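*Asks:* got a sequence here, can you build the structure:
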Amino acid sequence: MILSTIAYIGVLLVWSFVRIRSFLSMQKYKEAAVFGTLIGISSIVGSLLMFRVNVPSMVVPFKLIFEPFGTMLLQQ
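*Replies:* Okay, the predicted model is just below:
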């Protein structure tokens, strides 16, 4: 499991390095920053999931935000 996680992170590092360099060569700095942030977060979450760590779901905050709007729309 450790070897597969190391390989996963290694592939992501190489791929993200190549993509960020291509973004920077096209002078797309904002896209490079967004891509780097997203790939960083997803690599952390992915490696935690590979180690079978329970990651909190993102459904609960969205449910708390949008559930009142849904019930209000359904009552009309």
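*Asks:* got the buried residues for the top helix by length along the chain?
*Replies:* Using DSSP state H to define each element, the chain has its longest helix at helix 2-25. By 16 or more other Cβ atoms under 10 Å, the buried positions in helix 2-25 come out as 12, 16, 20, 23. Quick note: C-beta positions are derived from backbone N, CA and C, even for glycine.
*Asks:* and the contacts of that helix?
*Replies:* Helix 2-25 is touched from outside by 29, 31, 32, 35, 36, 39, 40, 43, 46, 47, 50, 51, with contacts defined as Cβ atoms under 8 Å, 6 or more residues apart in numbering.
*Asks:* next SSE after it?
*Replies:* Per DSSP states H and E, helix 2-25 leads on to helix 29-50 as the next helix or strand towards the C-terminus.
*Asks:* what residues sit buried inside that next one?
*Replies:* Residues 32, 35, 39, 43, 46, 47 are the ones in helix 29-50 that count as buried (16+ other Cβ under 10 Å).
*Asks:* ok, and the closest non-adjacent residue to the first one?
*Replies:* Pointing back at residue 32 there. The shortest distance from residue 32 to any residue other than its chain neighbours is 3.7 Å, reached at residue 23 (Cβ to Cβ, 6 or more residues apart in numbering).
*Asks:* and that neighbour, how far from residue 46?
*Replies:* Distance, residue 23 to residue 46, using Cβ to Cβ, to the nearest Å: 21 Å.
*Asks:* do the same with residue 18
*Replies:* Distance, residue 18 to residue 46, by Cβ to Cβ: 18 Å.
*Asks:* same check on residue 27?
*Replies:* Separation of residue 27 from residue 46 (Cβ to Cβ): 30 Å.
*Asks:* return the distance of the closest residue to residue 39 other than its chain neighbours relative to residue 25.
*Replies:* Leaving aside its chain neighbours, residue 39 sits nearest to residue 16 (4.5 Å; criterion: Cβ to Cβ, 6+ apart). Residue 16 is 15 Å from residue 25, where distance means Cβ to Cβ.
*Asks:* helices and strands of the chain: which one has the lowest mean pLDDT?
*Replies:* Least confident helix or strand, the chain: helix 59-75 with a mean of 87, by mean pLDDT, DSSP states H and E.
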